[in-house]
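S.K.: I'd like to go over a predicted model; first the sequence, then the structure.
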Amino acid sequence: MPKILIKNGRVWDGEKFYFADVLTDDGKISKIEQKIDEKADFKYDADGKIVSAGLVDSHVHMRGINRTFGIHAELSSIPFGVTAAADAWGARGDKALLDTFLLKNVIYVPAEIRENKAYFDKAESLLEKYGDKVVGLKVCFDTEQADVRDVSPLREAVEYAEKKNLIVMVHSSNPPVSMEELLSVLRKGDILTHAYHGGRNNVSDDGFECIKSAKKRGVIIDIGYAGHVHTDFKVLEEGIACGAIPDVISTDITKFSAYKRGGRYGMTMCMNIARHLGMSEEDIFRSVTSNPAKALGKENEWGYLKVGRCADVAVFKYCNEGFDMTDKAGNRVASENGYRCVLTIADGEVVFAD
């Protein structure tokens, strides 16, 4: 494998920013020091740029799993600095993670809700099929997409997940109960995705107190953008302003969102929107590296730039990377500037260079 030297960058190691050079050797991070002067097969001057641990997207829909709206994993991830992802499974998915070779990934299996009751027959078969690739159970707690009328199916799903040692990810748009009641069912480590939706029973109804309380208990708050579909930009902005800051930024990317919602949609655009709406740079980078890695139980493998770890690295510059997106409620966010990924290294190989 090539030896790669990245010079003069502002390093984000998953916990903090500092200035250093980064050297990879034989697919591992071999040195992170103030000044490294070694011969390398590939050198990159990252002056004025951020050198980050490879990003982790904790909510995607991959083509290898979902035939209906899944997208090719590498094309939707690597050009945006994402080197690991979790597929949140689709209702008609039945294939393995076969079309990915550079992107590390895990999956959620679905709890199906019919007639206000959770069913786990499909989850059982998928657990048997995919084994330790499964990290959690995905629950669609949405009155517009499932026959759910109260909190009982979600409680059933949480009890099932407890027995299987799985986390629960809850699709929370338009739930049948208040967000306070929904969140009260979730355990430490469970994930609320689409947390800032603008539909009925949303987190702004109680001034975001439900989110603040849930975060104190260890519930993970995920934006889960889905382009403009499941996030209300005004709700997100108000939440950030009052301290109800998301733990995780995820794309919920599909083949229908990648190239039509505000341009070239991916993780960097999601980061740009969060920054535009008031999220700090430190919180943004934590929410796309170490936080999602911990949420998925992969903090010993993903989300950190440390000596001895696998060489998954992404380099970003803040430049004239414009974006323009309007959500379903008509709230528009636009800027001429934003983060752009200029280099992605996966498993010690350069896999994207802008």
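M.R.: Received the coordinates, thanks.
S.K.: can you give me the helices in this structure?
M.R.: Using DSSP state H, the helices assigned to the chain run over residues 73-77, 121-130, 152-164, 179-185, 209-216, 233-241, 267-276, 281-287, 290-295.
S.K.: how about a markdown table for those, with distance to residue 62 added?
M.R.: For glycine as for every other residue, the C-beta is placed from the backbone atoms N, C-alpha and C. Conversion of those to a markdown table gives the following (distance: least, C-beta to C-beta, whole Å):
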| stretch | distance to residue 62 |
| --- | --- |
| helix 73-77 | 5 |
| helix 121-130 | 13 |
| helix 152-164 | 22 |
| helix 179-185 | 27 |
| helix 209-216 | 28 |
| helix 233-241 | 25 |
| helix 267-276 | 14 |
| helix 281-287 | 21 |
| helix 290-295 | 16 |
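S.K.: mind putting those in JSON lines, distance to residue 348 and mean pLDDT included?
M.R.: Shown next, in JSON lines, are the helices of the chain (distance: least, C-beta to C-beta, whole Å; pLDDT from 0 to 100):
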{"stretch": "helix 73-77", "distance to residue 348": "16", "mean pLDDT": "79"}
{"stretch": "helix 121-130", "distance to residue 348": "27", "mean pLDDT": "88"}
{"stretch": "helix 152-164", "distance to residue 348": "34", "mean pLDDT": "97"}
{"stretch": "helix 179-185", "distance to residue 348": "41", "mean pLDDT": "97"}
{"stretch": "helix 209-216", "distance to residue 348": "36", "mean pLDDT": "98"}
{"stretch": "helix 233-241", "distance to residue 348": "36", "mean pLDDT": "98"}
{"stretch": "helix 267-276", "distance to residue 348": "21", "mean pLDDT": "96"}
{"stretch": "helix 281-287", "distance to residue 348": "22", "mean pLDDT": "98"}
{"stretch": "helix 290-295", "distance to residue 348": "19", "mean pLDDT": "98"}
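S.K.: residue 197: which of the ones you listed is closest?
M.R.: When these are compared for distance to residue 197 using C-beta to C-beta, the nearest one is helix 233-241, at 7.2 Å.
S.K.: sketch out the low-pLDDT regions of the stretch 251-354 of the chain for me.
M.R.: Counting by pLDDT under 70, the low-confidence segments of the stretch 251-354 of the chain come to 255-263.
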